[in-house]
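Novice: Let me see the structure of the following:
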Amino acid sequence: MRPWNTATERALRGLLNEWDPIGVADAVADEYDCLLAPLLGRLCKGADRAEIEAFLRHELEDHFGISPALQRTDAVAGRVLDWWASARPVPGDGPQPMP
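Specialist: Next up, the predicted model:
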């Protein structure tokens, strides 16, 4: 069982789509869904900014085939961590995020 809920996934999807490193989020809303579970798993385990950024850089390069150099991975990692710290559980929407 996942230690997060669908509202949490939607919120993270929104952050990733705002970032939109390959420029397709307007046409393909679920393009970055492959990042959701790995990111949420890392967040649940207490990943820090460096670990989140390293994951994003790796995925951009190895999965999406683009250079992470101009993709603001550090800033996005910070936004993801800020969002995670302020995320509130949604009652009745399945398992809740773990601290």
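Novice: rest of the way, CA atoms for contacts and neighbours
Specialist: Fine.
Novice: Dihedrals phi and psi, residue 58?
Specialist: Residue 58 adopts backbone torsions of phi -60, psi -50, taken as degrees, to the nearest 10.
Novice: Give the burial count for it, as a bare number.
Specialist: 16 (other CA atoms under 10 Å).
Novice: same deal with the one 10 residues further on?
Specialist: The local packing of residue 68 (other CA under 10 Å) involves 17 other residues.
Novice: got the contact list for it?
Specialist: Contacts for residue 68 were tallied using CA atoms under 8 Å, 6 or more residues apart in numbering; they are 57, 60-61.
Novice: Quick check on those residues: which are buried?
Specialist: A residue is treated as buried here by neighbour count (16 or more other CA atoms under 10 Å); on that basis the buried members of those are 57, 60.
Novice: Which of the contacts of residue 68 fall in helices?
Specialist: With helices taken from DSSP state H, the overlap with the contacts of residue 68 comprises residue 57.
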